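Chemist: Next one to model:
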Amino acid sequence: MNPSRPTTSAFPVVAAHGHVTFLGAGPGDPGLLTLRAVEALAAADVLIAEPEVLEVVRTHARAGVDTPQLTIADEVSAAAGVPVIRDAANLVMEAARSGRRVVRAVTGDPGLDGNAAEEMLACATGGIPFEVVPGVATAVGVPAYAGVPLRGGRGDAGTDVRFVDARGASARCWSEVGASDGTLVVSATLETVSSAAAELVSAGRGPDTPLTVTVAGTTTRQRTWNATLGTIAQVFKQGKVLPSPEGARPVIAVVGEHGAAARREELAWFESKPLFGWRVLVPRTKEQAASLSDQLRSYGAVPHEVPTIAVEPPRTPQQMERAVKGLVTGRYEWIAFTSVNAVKAVREKFEEYGLDARAFAGIKVAAVGEQTAAALVEFGVKPDLVPSGEQSAAGLLEDWPPYDPVFDPIDRVFLPRADIATETLVAGLIELGWEVDDVTAYRTVRASPPPADTREAIKGGGFDAVLFTSSSTVRNLVGIAGKPHNVTVIACIGPATAKTAEEHGLRVDVLSPEPSVGKLAEALAEYGAARREAAKEAGESVSRPSERRPGARRRRTT
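Modeler: Model (predicted):
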């Protein structure tokens, strides 16, 4: 460990007075949280934040953290034009005085949040120790994600960059910023952007001054318009842009020649991701979906996990119990894991008997693929055999050594598997001379149907793509939720899964080159990138598959 790097132990010891951390959650992308913020969240006893901020930071808080709900006043602050939070200071003080460690999280940076400033003052007055963990300011982070640098190049090093909140700006403020020819970053709502543009023109800015407007910045709902101060009202009218929903994050407008608005198409790295904004259905068990969802997010997608398979213990556990005892008593030469769920089932049985990874000493361990191997490593076991080629039972058999009575003192293999697994691996191992204890370690059953709105989105074309990782996910999804709409892009992990999808009347658009969930997501991203390029070459606007379904309604932009 680097001794200069602060860790959770560096946080002040909590005494009877408690402690408060005012934490900046950034503009909306959870990936923009600082390391210090993650440390503070992991140590928190109480987490206080507005709902949209809580969504960003909650995953880093420990299980059982107290999250009291804030009360938002109906009126707005006359000074800032933003909602007043009635009870935040009281909640913060009450929790801290009870001796707990409190994290008060706000959008952007605490130093730019008026409510946080008042709460800090309350802590100082009340003798409550506190600290501030800065965050990425919304007015800085959003333009960066929109591809709008606030200074255009070396020649703009001395360019004046000013920030103003249009929701509470006075006529004098507009007069001062309008007189400057530097870059202006305006925090506003969709309703106030056009009036702010008019104020700037009245103050002396030219109506042809470039302007970019970004909503839902740094999130996969982000959208940016290019216009000028004189045309933004017309652009919104033609685009039928709806007002900002209540409680939405501020809209960020960048005004000025130095904001590189003219080059935004070249610099818009975030919105040009191959699956940007795509709603992708991931029909797997929740544990299996996590890594796949992370990969999809890296491509700009919005994954929606719908479990289609539930994992349950075997109906008769005695066979599994005998096999696990056999591991300890030296009955087996090998144990072969064909899924992450098989690893989980054996691990749970080990814990039931008070065993750990040391029980695998002297036993060779095989894993059907990288994800199963990763689950074993997490358990503390490094597998001896992982397929060098295809990650499947067939691939495992290609690398499996035949039984040799000279070098193998024991001729038996323990194969913990699902109740619906194929017999390919068993037959192959027997052919290689091995005896196999083929044991049902868990059962797979069809999961409960998803909520009604998810079922409606599946059948009505609300999803842009669906990833099928096995034939069972096809059958189970159609069984519990219905057949995906024909505008939805169907991606399958292999030929067998694709055949099942076609048998259910689905058009397969993407086929993974390898039977790997990672390669499947990569193939979908390549499809999305090719689709985007084709639209640009044809001079068409880039749209998602779900936006082209018949009768599709225009959605809110934030």
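
Chemist: Please tell me I have it right and A196 contacts T189.
Modeler: No - here A196 does not reach T189: they are 9.8 Å apart, not a contact under CB atoms under 8 Å. (C-beta placed from N, C-alpha, C; glycine too.)

Chemist: Can you pick out the residue with more neighbours from the two?
Modeler: Neighbour count, other CB atoms under 10 Å: between A196 and T189, A196 has more, with 27 against 20.

Chemist: got a pLDDT number for that one?
Modeler: Per-residue pLDDT puts A196 at 91.

Chemist: quick revisit: and for A196 and T189, which residues touch both?
Modeler: A166 (CB atoms under 8 Å, 6 or more residues apart in numbering).

Chemist: quick one, strands of the stretch 351-500 of the chain?
Modeler: Listed in chain order, the strands of the stretch 351-500 of the chain (DSSP state E, counting those that start in this stretch) span 364-367, 412-418, 435-446, 465-468, 489-492.

Chemist: make that the stretch 201-350 of the chain, sorry
Modeler: Under DSSP E, counting those that start in this stretch, the stretch 201-350 of the chain gives strands at 210-215, 223-228, 251-255, 279-282, 302-305, 309-312, 334-337.

Chemist: E131: which element?
Modeler: strand 130-133 (DSSP states H and E).

Chemist: buried set for that strand?
Modeler: Applying a neighbour-count criterion of 16 or more other CB atoms under 10 Å, one finds 130, 132-133 buried in strand 130-133.

Chemist: Take these and write them to JSON lines, including distance to V368 and pLDDT.
Modeler: As requested, those are exported to JSON lines (distance: CB to CB, whole Å; pLDDT from 0 to 100):
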{"residue": "F130", "distance to V368": "52", "pLDDT": "95"}
{"residue": "V132", "distance to V368": "49", "pLDDT": "97"}
{"residue": "V133", "distance to V368": "43", "pLDDT": "97"}
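
Chemist: Out of the residues you listed, flag the one nearest to L396.
Modeler: Distance to L396, by CB to CB, is smallest for V133 among these, at 47.7 Å.

Chemist: shouldn't L429 be in contact with F414?
Modeler: No - under the criterion of CB under 8 Å, L429 is not in contact with F414, lying 11.0 Å apart.

Chemist: so which of the strands of the stretch 201-350 of the chain gets nearest C173?
Modeler: Between these, strand 251-255 lies closest to C173; by CB to CB that is 13.9 Å.

Chemist: who touches the closest one?
Modeler: Contacts for strand 251-255 (CB under 8 Å, 6+ apart): 138-139, 142-143, 146, 148, 150, 166, 183-190, 193, 196-197, 200, 205, 209-215, 217, 229, 244, 261, 558.

Chemist: just the buried members of those?
Modeler: Buried among the contacts of strand 251-255 (16+ other CB under 10 Å): 138-139, 142-143, 146, 148, 150, 166, 183-190, 193, 196-197, 200, 205, 209-215, 217, 229, 244, 261, 558.

Chemist: Look at the residue of the chain most remote from its centre and report its pLDDT.
Modeler: Here the centre of the chain is the reference, and by CA atoms, centre = their mean the most remote residue is V406, at 51.8 Å. pLDDT, V406: 88.

Chemist: phi, psi of it?
Modeler: Backbone torsions for V406, taken as degrees, to the nearest 10, come to phi -80, psi -40.

Chemist: P317 now?
Modeler: Torsion angles, degrees, to the nearest 10, at P317: phi -80, psi -10.

Chemist: Counting neighbours, what do you get for the residue nearest to D408 when sequence neighbours are not counted?
Modeler: In space, D408 comes closest to E333 once its chain neighbours are excluded; the distance is 5.5 Å by CB to CB, 6 or more residues apart in numbering. Number of residues near E333 (other CB under 10 Å) recorded here: 19.

Chemist: What is the neighbour count of the closest residue to D113 other than its chain neighbours?
Modeler: Leaving aside its chain neighbours, D113 sits nearest to V106 (4.5 Å; criterion: CB to CB, 6+ apart). Residues lying near V106 (other CB under 10 Å) number 25.

Chemist: beta partners for V106?
Modeler: G24 (DSSP bridges).

Chemist: Would you mind measuring from it to A89?
Modeler: Going from V106 to A89 by CB to CB, to the nearest Å gives 13 Å.

Chemist: Kindly report the same for A342.
Modeler: 52 Å.

Chemist: again with E266
Modeler: Relative to A89, and taking CB to CB, E266 is found at 46 Å.

Chemist: could you show me where the helices are in the stretch 101-250 of the chain, in order?
Modeler: Along the stretch 101-250 of the chain, the stretches classed as helices by DSSP state H, counting those that start in this stretch are 114-126, 138-146, 171-178, 190-202, 232-238.

Chemist: and the angle for the second one with strand 210-215?
Modeler: When you say that, I think you mean helix 138-146. 100 degrees (axes from the mean of the first three to the mean of the last three CA atoms, to 10 degrees).

Chemist: Surely R221 and G277 touch.
Modeler: Yes - with contact defined as CB under 8 Å, R221 reaches G277; the gap is 6.8 Å.

Chemist: Please enumerate the shared neighbours of the two.
Modeler: Residues touching both R221 and G277 (CB under 8 Å, 6+ apart) are V302.
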